[in-house]
Structures are given as structure tokens and as C-alpha cells.
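Student: Please find the sequence and the predicted model below.
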Amino acid sequence: LTSTRCRELAGYFRRNAARFAAAAQVREGTSILFDGVLDPPRTTAHLKLVLRPGEASFVEATAKLVDDGFLVTMDYGADADALVWQALIRPHYEGIHIIDARAENYEECTAVSYLECPGLQDLTTSVDFTEVAVAGKELGGWEVRG
């Protein structure tokens, strides 16, 4: 990563450090279940998580637009613990859901890139609602309810 990108991600990593450390410990103890017996074995260095730093940018932009009132967010997503759990039980998951890909075009539309066939499939990823809430408190001064 570039130094600029590292600075951009610093808040995200700080807010999630304890969660990532716990996930790394679980990954270390369970890698044999998902990867089989490897020599050398996979360790915490092989923990694959989908980074979702965009939520903080969303919060910052929204905080500038909303002076008073409520922000209700709805999307595909889950709390951070559920997303980390998904990464642990599906360690090779890329974080992209392909929805409604037509069966006759599936191979052609995903062989090179998920963006190969716009209009034939819907691409989405999961929002980390914990990051929205925590970043909202930290960056937007929000009170989180619900």
C-alpha cells in the first residue's frame, strides 16, 4: 500500500484493531479445517478480510449534509462481527455477491472480470454497519440508536 492509502486506512484499522486481532487468533487455530494440512501451515498472515473503509467516507460526507435529524441506512450488510465470521468460515471469499447472473452467461460474465457483463448481473458487497455507527460517533458526532 502507498503511504497515502495507509493514512486513509489508519482510522479504519484503529477502529477495528481488536476485532482483527481476535479474528487472526481464530484463523490461526482453524486454518487446518479450511486449508487442510499444509507445509508450512497457514497462519494469521493468511487471514483474508474484505476492507470496507468507504463507510467512514460516507459518514463524513453525510455529516456535512445533515444538520439535524436522523440518518436511516438500509443495504446488504451486517455488523462487523458477522462479516469477520463470514471471512473466517469462507476464507477465499472475495467480498462480492453476484446476484441474478443469467445461467447461460455466468461463465462468460465472470471468467475475466465481474464487470464483464453490465446489465446482466447485479454486483454488491456488504456494508459494515458497525463501521458506519462507530465512524459516525467518531467523525460525525452522531448518537447511534438501534
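Tutor: Done, it's in. Computed from a predicted model, the values in this text were never measured in an experiment.
Student: Could you measure from residue 18 over to residue 84?
Tutor: Computed as CB to CB, to the nearest Å, the residue 18 to residue 84 distance reads 11 Å. Just so you know, the C-beta spots here come from the backbone N, C-alpha and C atoms, and that holds for glycine as well.
Student: Those two: which has the busier surroundings?
Tutor: residue 84 (23 against 9; other CB atoms under 10 Å).
Student: so where do the strands sit in this protein?
Tutor: 77-78, 97-99, 122-124, 127-128 (DSSP state E).
Student: need the least confident one among those, by mean pLDDT.
Tutor: Here the strands of the chain differ in mean pLDDT, and the lowest is strand 97-99 at a mean of 59.
Student: what pLDDT does residue 36 get?
Tutor: pLDDT, residue 36: 67.
Student: Also residue 15?
Tutor: 90.
Student: Distance check, it against residue 28.
Tutor: Residue 15 is 22 Å from residue 28, by CB to CB.
Student: And for residue 8?
Tutor: 28 Å.
Student: what does residue 22 give?
Tutor: 11 Å.
Student: So for those two, which residue has more residues nearby?
Tutor: residue 28 (15 against 12).
Student: Which helix runs longest in this structure?
Tutor: Longest helix in the chain by number of residues, with DSSP state H as the criterion: helix 3-35.
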